[in-house]
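Undergrad: here is the input, now give the coordinates:
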Amino acid sequence: MTGPKADPLYVRYMTTFSASTLHRRACQPCQNGQDCESGAPLHKAFANAQDAYLARQSAKRRS
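TA: From the prediction side, this is the model:
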């Protein structure tokens, strides 16, 4: 028996959140708002995934 299929956009959002958060915890420059070379793409990917997910949620509420 299988459960409901996971929403790919939500999974991407949570995966990028986790990667960004884990990196920020270990990186002093990123903790101070100065994204490092390896952290910047992680944080950008998270921001993009969050924007996409929240935009879709907002559109669902409006319809």
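Undergrad: check which residues of the longest helix seen in the chain are buried.
TA: Assignment by DSSP state H gives helix 39-62 as the longest helix of the chain. Buried residues in helix 39-62, counted by 16 or more other Cβ atoms under 10 Å: 39, 42, 43, 45, 46, 49, 50, 53. To be clear about C-beta, it is placed using only N, CA and C from the backbone, and glycine gets the same treatment.
Undergrad: against residue 22, how distant is the residue nearest the centre of the chain?
TA: Among the residues of the chain, the one closest to the centroid is residue 46, at 3.0 Å (Cα atoms, centre = their mean). Separation of residue 46 from residue 22 (Cβ to Cβ, to the nearest Å): 11 Å.
Undergrad: same question for residue 51.
TA: In terms of Cβ to Cβ, residue 51 sits 20 Å off from residue 22.
Undergrad: now do residue 16
TA: 11 Å.
Undergrad: looking at the two now, which is surrounded by more residues?
TA: Taking other Cβ atoms under 10 Å, residue 16 and residue 22 do not tie; residue 16 has more neighbours (20 against 11).
Undergrad: just the pLDDT for the closest residue to that one other than its chain neighbours.
TA: Leaving aside its chain neighbours, residue 16 sits nearest to residue 46 (4.1 Å; criterion: Cβ to Cβ, 6 or more residues apart in numbering). pLDDT, residue 46: 98.
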